[in-house]
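> Model the following, please.
(chains A, B and C)
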Amino acid sequence: MSAQQTVIHWFRKGLRVHDNPALLAAVRCCHDSPNQFVLRPIFILDPGIIQWLRVGPNRWRFLQQSLTDLDLNLRKINSRLYVVRGNPSDVFPKLFQQWNVSLLTFEHDIEPYSLKRDATVKEQAKKYGVKIQIEKSLTIYDPDEILKKNSGKPPLTYQKYGSLAATLKVPQPVDVPEKLPTTCIPKQDVDEQKLCSCYDPPSLEELGVKIEDLGECKFPGGETEALRRLKEHMERKSWVCSFEKPNTSPNSLQPSTTVLSPYVKFGCLSARLFMQQVQNVIKGQKHSHPPVSLVGQLMWREFYYCAAAAEPNFDKMVGNSICLQVPWTTNKAHLEAWTHGQTGYPFIDAIMRQLRQEGWIHHLARHAVACFLTRGDLWISWEEGQRVFEELLLDADWALNAGNWLWLSASAFFHQYFRVYSPVAFGKKTDPEGKFIKKYVPELAKYPCGIIYEPWKASLDVQRKLGCVIGETYPKRIVIHEEIHKKNIQKMTEAYRKNKAVKEGIMKGDKDPEASNYSGKRKSSSSSTSPTSKPAAKKSKPSETIDKYFRKK
DNA sequence: TTCGAGTTGAATGT
DNA sequence: ACATTCAACTCGAA
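Numbering: from 1, shown residues only, chains lettered A, B, ... in the order given. The predicted structure follows:
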């Protein structure tokens, strides 16, 4: 009988036992030849990465909880999680030898960072004669299949994505393994028994998390909690059927949506299972539809993943083929104020403080603060906002975070940049009394509903009586929205014109771009049927800016 | 080339 | 609760 061999399943994002095809493949390989294979589910924790990765304390905790729960769930089915410390490219050669590995399975990911890492691991596996099996279960639809159907280009509208996806069959979740092949450490292997605890899930301390930096834990990580939360929401059948995202409140004290996003991000919950369960609930019932329905929300994730898979620079402006090039400004003081909820706009500040404390804010709240940072008010690059969200959001996901910032800054997908959120009016619609502000900006707790969204309007006398003087206890607003948002709309018009000119210039071989743009411009103004349009004023501006642009070149 | 549609705007009307 | 105006974008289909 040959020496015992090891099958490794490598957990990265999909931190779950359910609907995990790569884990299942590892299990089946072992079952095919009992007594010959040992299964070791691993997670690799790179101590080096903890230093530079942009992960705030709340998300480290979520990961820590998810790993602990995964270990427990694996132990329930006769196995355990091996958390291996080190860099994957250092870890694997050692494990391949030490454990006599013959098969490595993991879930495919589309992030450039992952692809690079996985390419190295694949090479090493080849070198050590280890077979690799990669399964796709991150998204419901395979981005590659969508891209193939669209001649290699990512669909840039949700509708288009939907029509392409509709031609594919809907993949269903795979089975949950009942019992994993034995992975108990052989009794005779005393050394390893001793080392056993060195594979335990990390403590918060190991992850460099200081307890005092943690906020209240509203959303504990892990597959168990994910499935509990899913069940809880799926039981609200009429709520599920009538769900319309734009009608949910961004500033209610209790979340108005499922808050399953952090669980989907870490793979504690499978998107396919989520989709299947929602479909089961709405089947045969009158229900809302994409893009606003719950099914629609899952499809947005698919949409962004597909676009992200097609563009390695998806999280950047420069070099990103689908991203509008905008001359954003840098303003450290403004960025700092936004980041820490000190803009002087209570609605914006409340959201940013909730984000830092709890790691989750409503989707529409993200819209409000993202618009404020970029095209609406501060004119700061969406990449800066992306960085802050990446650190603070429990559900921070490379593709979705970038995709949504592209959307909100009107850099891709969404182009109606003249629709600007008001940092005063938007929140009032769903929380006229300002309860949300009172909770997260307690300085203003005594301000009455009439004025809490714009406390600078109170006279100094009133401010004193309300126990919060603007400019002392709470900051003066850093910009005047009513004025600046109009200027920014004009800047966006200019940015769009420049980008269009460049595009047309490239298409025509960069020959005489002025002329080609001039004709394009004339067309748009002459075709205008509006009797109130002022073609003269419209005309002078673009030629100026385009002139400037091409002089620079 | 033209035209309609686009998850989630605001302010002001009815 | 819904309609209009504001100013005017791009994508994709016809």
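> Could you look up the SS state of A:Asn488?
Of the three states, A:Asn488 takes helix under DSSP: H, G, I helix; E, B strand; the rest coil.
> Just confirm it contacts A:Leu373, I think it does.
No: judged on CB atoms under 8 Å, A:Asn488 makes no contact with A:Leu373 at a distance of 11.3 Å. All C-beta spots, glycine's among them, are computed from the backbone N, C-alpha and C.
> neighbour count winner among the two?
Neighbour count, other CB atoms under 10 Å: between A:Asn488 and A:Leu373, A:Leu373 has more, with 29 against 22.
> Which residues are in contact with that one?
A:Leu335, A:Trp338, A:Ile380, A:Trp382, A:Glu384, A:Gly385 (CB atoms under 8 Å, 6 or more residues apart in numbering).
> Relative to DNA strand C, which of the residues you listed is nearest.
Taking CB to the nearest atom of the strand as the measure, DNA strand C sits nearest to A:Trp382 out of the contacts of A:Leu373, at 16.4 Å.
> Now for that closest one: which residues touch it?
Residues near A:Trp382 by CB under 8 Å, 6+ apart: A:Met317, A:Trp328, A:Ala370, A:Leu373, A:Thr374, A:Trp405, A:Leu406, A:Leu408, A:Ser409, A:Ser411.
> mind running it again at 7 Å?
Neighbour list for A:Trp382: A:Thr374, A:Trp405, A:Leu406, A:Ser409, A:Ser411 [criterion: CB atoms under 7 Å, 6 or more residues apart in numbering].
> Neighbours of the residue of the stretch 251-400 of chain A found nearest DNA strand C, how many?
Taking CB to the nearest atom of the strand, DNA strand C has its nearest neighbour within the stretch 251-400 of chain A at A:Ile322, 7.0 Å off. Per other CB under 10 Å, the neighbour tally for A:Ile322 reads 17.
> helix, strand or coil for it?
Here A:Ile322 takes the coil state, with states given by three-state DSSP.
> Dihedrals phi and psi, the residue nearest to it when sequence neighbours are not counted?
Spatial nearest neighbour of A:Ile322, excluding adjacent residues (CB to CB, 6 or more residues apart in numbering): A:Ala412 at 4.6 Å. For A:Ala412, the backbone dihedrals are phi -160, psi 160 (criterion: degrees, to the nearest 10).
> The one 5 residues further on too?
Here is the backbone geometry of A:Tyr417 (degrees, to the nearest 10): phi -70, psi -10.
> Next one: it from DNA strand C, what distance?
Look at A:Tyr417 and DNA strand C: by CB to the nearest atom of the strand, to the nearest Å, they are 7 Å apart.
> Which residues are in contact with that residue?
Counting by CB under 7 Å, 6+ apart, A:Tyr417 touches A:Arg375, A:Ala410, A:Ile489, A:Met492.
> May I ask which of those residues has the most neighbours?
Top of the contacts of A:Tyr417 by neighbour count (other CB under 10 Å): A:Arg375, with 29 neighbours.
> how about that residue, what does it touch?
A:Arg375 makes contact with A:Ser409, A:Ala410, A:Tyr417, A:Asn488, A:Met492, according to CB under 7 Å, 6+ apart.
> can we see that at 10 Å?
The neighbours of A:Arg375, taking CB atoms under 10 Å, 6 or more residues apart in numbering as the test, are A:324, A:326, A:328, A:382, A:408-411, A:417-421, A:485, A:488-489, A:491-492, A:495.
> repeat for A:Pro201
Applying CB under 10 Å, 6+ apart, we find A:Pro201 in contact with A:43, A:45, A:63-72, A:80-83.
> And the residue of the stretch 51-200 of chain A that's closest to DNA strand B?
Nearest residue of the stretch 51-200 of chain A to DNA strand B (CB to the nearest atom of the strand) works out as A:Tyr158 at 4.0 Å.
> got the phi/psi numbers for A:Val101?
The phi/psi pair for A:Val101 (degrees, to the nearest 10) reads phi -80, psi 140.
> Contact partners for it?
The neighbours of A:Val101, taking CB under 10 Å, 6+ apart as the test, are A:5-8, A:38, A:40, A:92, A:95, A:125, A:128-131.
> From the residues you listed, pick the one nearest A:Lys153.
Each of the contacts of A:Val101 was scored against A:Lys153 by CB to CB, and A:Ala125 proved nearest at 32.6 Å.
> which element is the closest one on?
Using DSSP states H and E, the element containing A:Ala125 is helix A:112-127.
> Could you spell out the sheet neighbours of whatever helix or strand comes next after that helix, each with its direction?
Beyond helix A:112-127 on the C-terminal side, the first helix or strand identified by DSSP H and E is strand A:131-135. When pairing is defined by DSSP bridges, strand A:131-135 lines up against strand A:101-107 (parallel).
> Compute the inter-axis angle for the partner strand and helix A:112-127.
160 degrees (axes from the mean of the first three to the mean of the last three CA atoms, to 10 degrees).
> avg pLDDT for strand A:101-107?
Averaging pLDDT along strand A:101-107 gives 97.
> how about the residues of chain A that lie near DNA strand C?
Contacts of chain A with DNA strand C, taken as CB under 7 Å from any atom of the strand, map to A:155-157, A:159-160, A:163, A:322, A:415-418, A:490, A:493, A:496-497, A:499-500, A:524, A:530, A:532, A:538.
> got a list of what the residue of the stretch 351-500 of chain A found nearest DNA strand C touches?
Nearest residue of the stretch 351-500 of chain A to DNA strand C (CB to the nearest atom of the strand) works out as A:His415 at 3.4 Å. A:His415 is in contact with A:Leu156, A:Leu324, A:Trp407, A:Met492, A:Tyr496, counting by CB under 10 Å, 6+ apart.
> For DNA strand C, what's its nearest residue on the stretch 1-150 of chain A.
Using CB to the nearest atom of the strand, the closest approach of the stretch 1-150 of chain A to DNA strand C is made by A:Asn150 at 7.7 Å.
> so that residue makes contact with A:Lys160?
Yes: at 7.6 Å, A:Asn150 counts as touching A:Lys160 under the criterion of CB atoms under 10 Å.
> Could you tell me the end-to-end distance of stretch A:406-415?
Stretch A:406-415 has an end-to-end distance of 10 Å (CA to CA, to the nearest Å).
> pull the longest strand from chain A.
Taking DSSP state E as the criterion, chain A has its longest strand at strand A:37-45.
> by contact count, what packs against that one?
With contacts defined as 3 or more CB pairs under 10 Å, 6 or more residues apart in numbering; DSSP states H and E, strand A:37-45 has these neighbours: strand A:5-11, helix A:21-32, helix A:57-76, strand A:82-85, helix A:88-98, strand A:101-107.
> From A:Gln51, how far out is A:His9?
27 Å (CB to CB, to the nearest Å).
> Looking at those two, which is more packed in?
Under the criterion of other CB under 10 Å, the comparison of A:His9 against A:Gln51 puts A:His9 first, with 29 against 8.
> Based on its surroundings, how many neighbours for the nearest residue to that one once chain neighbours are set aside?
Computed as CB to CB, 6+ apart, the closest residue to A:His9 that is not its neighbour in sequence is A:Ala26, at 4.2 Å. Neighbours of A:Ala26 under the rule other CB under 10 Å: 29.
> so who does A:Ala26 touch?
A:Ala26 touches A:6-10, A:20, A:37, A:39-41, A:103-106, A:133, A:135, A:177, A:180-181, counting by CB under 10 Å, 6+ apart.
> Quick check, the residue in the stretch 201-350 of chain A closest to DNA strand B?
The nearest approach of the stretch 201-350 of chain A to DNA strand B comes at A:Pro246, 3.2 Å away (CB to the nearest atom of the strand).
> Measure how buried the nearest residue to that residue once chain neighbours are set aside is and give me the count.
Of all residues not flanking A:Pro246 in the chain, A:Val292 sits nearest, at 5.9 Å (CB to CB, 6+ apart). For A:Val292, the neighbour count with other CB under 10 Å is 15.
> mind listing which of the residues of chain A next to DNA strand C are in helices?
Judged by DSSP state H, helices contain the following of these: A:Gln159, A:Lys160, A:Ser163, A:Gln490, A:Thr493, A:Tyr496, A:Arg497, A:Asn499, A:Lys500, A:Ser524, A:Lys538.
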